[in-house]
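# kindly generate the corresponding structure for this input.
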Amino acid sequence: PSRPGIYAEKLASTLGLDMRQHWTPTAETYFGRVSKDAITEAVTEAAGEAEAAKLAGLKKAAMAEEAAIIAADTTWLPVPLRTSQG
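From the prediction side, this is the model:
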């Protein structure tokens, strides 16, 4: 069985495409479009539990904005944009 996105990943790998060089998660492009749990998980992956804890109790819009600020200093990408290079 083939996993979803395998051909896109192979193409990106062949071309040397690293989305970290082309895309940054912002409140508009990512964090405002996912659940609060997904925001917390992303910030935990990107910057650790201490940074994610700072988001507790925020309303979603404020949480998305703060997550974007935190993620800007990292190379974090959501799973669909990750390749074997990243």
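# what's near enough to touch residue 23?
Residue 23 is in contact with 29, 77, 81, counting by Cβ atoms under 8 Å, 6 or more residues apart in numbering. For glycine as for every other residue, the C-beta is placed from the backbone atoms N, C-alpha and C.
# and for residue 37?
For residue 37, the contact set (Cβ under 8 Å, 6+ apart) is empty.
# for it, what are phi and psi?
Torsion angles at residue 37 (phi, psi; degrees, to the nearest 10) stand at phi -60, psi -40.
# what's the separation between it and residue 52?
Distance from residue 37 to residue 52, counting by Cβ to Cβ, to the nearest Å: 11 Å.
# again, but for residue 39
Using Cβ to Cβ, residue 39 is found at 9 Å from residue 52.
# what about those two, which has more around it?
Neighbours per residue, other Cβ atoms under 10 Å: of residue 39 and residue 52, the larger number sits with residue 39, 27 against 19.
# in this structure, what secondary structure element scores lowest on mean pLDDT?
Counting by mean pLDDT, DSSP states H and E, the chain has its least confident helix or strand at helix 6-15, which shows a mean of 74.
# in that helix, which residues are buried?
9, 12 (16 or more other Cβ atoms under 10 Å).
# what do you get for stretch 23-35?
For stretch 23-35, a neighbour-count test (16+ other Cβ under 10 Å) marks 24, 25, 26, 27, 30, 31, 32, 34 as buried.
# just how off-centre is whichever strand or helix holds residue 68 within its chain?
Per DSSP states H and E, residue 68 falls inside helix 60-72. The chain centroid and the centroid of helix 60-72 are separated by 11 Å under Cα atoms, centre = their mean, to the nearest Å.
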